[in-house]
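J.: Sequence first, predicted coordinates after that:
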Amino acid sequence: MDSNLHSLSRQLIELRIEHADLDASIDRLADASPQDELLLRRLKKRRLALRDQIERLVRQIDPAEPA
């Protein structure tokens, strides 16, 4: 269990880094002229998917206790 938790924590860190990198890329692309709208939409979609993965992992690592 401990090694599994370590693995999940590592995966969470990697996903958060990738999410931050995408944020930076999206910001740079949004400031560029002319904008590549298709690429911008794809990056935003990927960022949302990463956010969902991050939220799932957080729930796996620290599940909410029932009320």
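T.: Looks like it arrived, so ask away. Numbers count the residues shown, from 1 in each chain.
J.: Got the phi and psi for residue 33?
T.: phi -130, psi 120 (degrees, to the nearest 10).
J.: Next one: it from residue 27, what distance?
T.: Plainly put, residue 33 is 14 Å away from residue 27 if you go by CB to CB, to the nearest Å. Every C-beta, even on glycine, is put in place using the N, C-alpha and C of the backbone.
J.: which of the two has more neighbours?
T.: residue 27 (10 against 4; other CB atoms under 10 Å).
J.: May I ask which helix or strand encompasses that one?
T.: helix 2-31 (DSSP states H and E).
J.: Can you spell out which helices and strands pack onto that helix?
T.: helix 37-61 (3 or more CB pairs under 8 Å, 6 or more residues apart in numbering; DSSP states H and E).
J.: what comes up buried for the helix it packs on?
T.: Residues 43, 47, 50, 54, 57 are the ones in helix 37-61 that count as buried (16 or more other CB atoms under 10 Å).
J.: Mean confidence (pLDDT) on it, please.
T.: Helix 37-61 comes out with an average pLDDT of 95.
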